[in-house]
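A.B. asks: next come a sequence and a model predicted from it.
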Amino acid sequence: MTVPLIILALATVFALLLGLWARSGHEMGLEQWTVGNRGFGALLVFLLLAGEIYTTFTFLGASGFAYGLGGPAYYILAYAALAYVIAYFMLPPVWAYAKQHHLVTQPDFFAHKYDSRALGIVVSLVDIVALIPYLVLQLTGLGIIVVAAGYGAIDKDIAIWIGAIVVTIYVIVSGVRGSAWTAIAKDIMILAVVLFLGIYLPVHLYGGIGAMFTDIAKAKPGFLLFPAKGQSVWWFVSTVLLTALGFFMWPHSLASCYTAREARVFRKNAIMLPGYQLILLFVYFIGFAAVLKVPGLKGAASNLALFKLVVAEMPPWVVGIVGAAGVLTAMVPGSMITMTAATLISRNLYG
């Protein structure tokens with residue numbers, strides 16, 4: 001077994017053990033399993049909400065967008081920051097209503113608020129239809145990351161099955177607490193990996209971040225700007241607005257909000273989370289660094305820009321650590337999606 005695969009295996013085992021340990025000292029009833037008995041403070045809610053941002057998309061999509069699209073990719077920085085402004089005003093009353101009436105899912109809220117069981121069922125069906133492809137996306141991303149970081153030594157389908165089994169086990173045992181504690185490990189690794197690569201690669205390959213953008217602008221004029229048509233400034237504005245308005249329509253995002261201890265948690269996080277978005281800048285720097293150093297990636301292949309560059313420029317043990325962080329970015333949102341979908345089916349449909 002190669003060094004990267006050993007690191008990936010250790011990260012997977014660690015995530016499983018941490019997810020199982022999260023149950024310690026807690027008796028699992030429905031509210032404990034789904035919303036942590038509404039006892040999470042600002043830090044755990046922060047990490048759960050951040051877990052919805054830093055998914056496999058961070059390693060694959062965001063860097064791939066920067067590599068393939070250039071300037072228009074910056075819309076990703078803007079929409080979540082705007083969504084948190086909306087959350088500052090919207091989430092406290094939603095949380096208070098859910099706590100008062102012991103609601104644990106998004107359909108619970110609509111069914112109770114509008115006194116319509118049928119509406120709750122419709123919302124459940126829409127949620128499940130939306131969640132299934134999103135879960136598939138996370139697991140597929142996990143497989144791609146493991147194959148790339150493991151130098152192709154393990155089959156993608158095997159990696160997906162292992163990840164799915166690990167997530168399922170600790171979700172069954174620990175519920176949302178398992179997701180919250182694995183989110184802590186994930187965010188620590190994300191910060192370390194992204195900050196290091198986002199600074200080191202531009203400096204190592206180009207002499208600095210400014211020099212990197214200068215070289216790209218010379219080699220590909222207009223690449224760093226919004227085009228006059230298509231993904232133009234108007235596209236940017238409309239996409240940011242639409243995505244921000246729909247940010248908390250995801251049922252697992254709203255379920256994360258139910259875990260809070262008090263309404264003030266959301267206002268604290270609404271202040272801090274937009275700043276946390278800036279970490280994505282360093283993911284962009286990695287994608288931009290690959291533009292001239294790993295040329296020729298087209299279509300879906302552009303999503304591999306980060307790993308192609310890291311494999312080319314970094315030793316295997318570093319590639320393993322980057323891959324381990326990528327695996328955790330799939331497991332945390334994957335566990336929240338799995339738990340939410342299971343609750344929707346059992347409580348709001350079958351129940």
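C.D. replies: Great, that's in hand.

A.B. asks: rest of the way, CA atoms for contacts and neighbours
C.D. replies: Fine.

A.B. asks: out of everything not next to it in sequence, what's closest to the residue nearest the centre of the chain?
C.D. replies: When Cα atoms, centre = their mean is applied to the chain, the residue found nearest the centroid is Thr55 (2.3 Å). In this structure, Thr55 finds its nearest non-sequential neighbour in Thr329, 4.5 Å apart by Cα to Cα, 6 or more residues apart in numbering.

A.B. asks: surely that neighbour meets Lys186?
C.D. replies: Yes - the pair Thr329 / Lys186 is scored as a contact, 6.4 Å apart, by Cα atoms under 8 Å.

A.B. asks: average model confidence for the longest helix along the chain?
C.D. replies: Once the chain is assigned using DSSP state H, the helix that runs over the most residues is helix 117-149. Averaged across helix 117-149, pLDDT comes to 91.

A.B. asks: so which bits of that helix are buried?
C.D. replies: 119-121, 123-125, 127-128, 131, 135, 137-149 (16 or more other Cα atoms under 10 Å).

A.B. asks: ok, then the element right after it?
C.D. replies: helix 156-174 (DSSP states H and E).

A.B. asks: and that next one with helix 117-149, angle?
C.D. replies: Orientation check (axes from the mean of the first three to the mean of the last three Cα atoms, to 10 degrees): helix 156-174 against helix 117-149 gives 130 degrees.

A.B. asks: may I have helix 156-174 exported as PDB, CA atoms only?
C.D. replies: Output in PDB follows, covering the C-alpha atoms of helix 156-174 (Å, rounded to 0.1, in the frame of the first residue of the first chain):
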ATOM      1  CA  LYS A 156     -13.400   4.600  -7.800                       C
ATOM      2  CA  ASP A 157     -16.400   2.400  -7.100                       C
ATOM      3  CA  ILE A 158     -14.700   0.600  -4.200                       C
ATOM      4  CA  ALA A 159     -13.800   4.000  -2.700                       C
ATOM      5  CA  ILE A 160     -17.400   5.200  -3.000                       C
ATOM      6  CA  TRP A 161     -18.700   2.100  -1.300                       C
ATOM      7  CA  ILE A 162     -16.300   2.400   1.600                       C
ATOM      8  CA  GLY A 163     -17.200   6.000   2.100                       C
ATOM      9  CA  ALA A 164     -20.900   5.300   1.900                       C
ATOM     10  CA  ILE A 165     -20.600   2.500   4.500                       C
ATOM     11  CA  VAL A 166     -18.600   4.600   6.900                       C
ATOM     12  CA  VAL A 167     -21.000   7.500   6.700                       C
ATOM     13  CA  THR A 168     -24.000   5.200   7.100                       C
ATOM     14  CA  ILE A 169     -22.600   3.500  10.200                       C
ATOM     15  CA  TYR A 170     -21.800   6.700  12.200                       C
ATOM     16  CA  VAL A 171     -25.000   8.400  11.100                       C
ATOM     17  CA  ILE A 172     -27.100   5.400  12.400                       C
ATOM     18  CA  VAL A 173     -25.200   5.400  15.700                       C
ATOM     19  CA  SER A 174     -24.700   9.200  16.400                       C
END
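
A.B. asks: what sits up against it?
C.D. replies: 12, 16, 19-23, 28, 33, 139-140, 142-144, 146-147, 178-179, 331, 334-335, 338-339 (Cα atoms under 8 Å, 6 or more residues apart in numbering).

A.B. asks: counting neighbours, what do you get for Pro93?
C.D. replies: As a burial measure, Pro93 scores 11 neighbours (other Cα atoms under 10 Å).

A.B. asks: so which elements touch the helix or strand harbouring it?
C.D. replies: Taking DSSP H and E as the definition, Pro93 sits inside helix 75-100. Counting contacts by 3 or more Cα pairs under 8 Å, 6 or more residues apart in numbering; DSSP states H and E, helix 75-100 packs against helix 233-245, helix 264-276.

A.B. asks: got the angle between the first one and helix 75-100?
C.D. replies: When you say that, I think you mean helix 233-245. 20 degrees.

A.B. asks: and helix 233-245, what does it pack against?
C.D. replies: On a contact count with 3+ Cα pairs under 8 Å, 6+ apart, helix 233-245 meets helix 75-100.

A.B. asks: buried residues in the helix it packs on?
C.D. replies: Buried residues in helix 75-100, counted by 16+ other Cα under 10 Å: 75-88, 91-92, 94-95, 97-99.

A.B. asks: ok, now stretch 294-309?
C.D. replies: For stretch 294-309, burial by neighbour count (16+ other Cα under 10 Å) applies to 294, 297, 302-309.

A.B. asks: would you turn those residues into a markdown table with distance to Ile154, secondary structure and pLDDT?
C.D. replies: Formatted as a markdown table, the buried residues of stretch 294-309 follow (distance: Cα to Cα, whole Å; DSSP: H, G, I helix; E, B strand; the rest coil; pLDDT from 0 to 100):
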| residue | distance to Ile154 | secondary structure | pLDDT |
| --- | --- | --- | --- |
| Val294 | 23 | coil | 90 |
| Leu297 | 23 | coil | 86 |
| Ser302 | 21 | helix | 86 |
| Asn303 | 19 | helix | 85 |
| Leu304 | 17 | helix | 86 |
| Ala305 | 20 | helix | 89 |
| Leu306 | 19 | helix | 89 |
| Phe307 | 16 | helix | 88 |
| Lys308 | 17 | helix | 89 |
| Leu309 | 20 | helix | 92 |
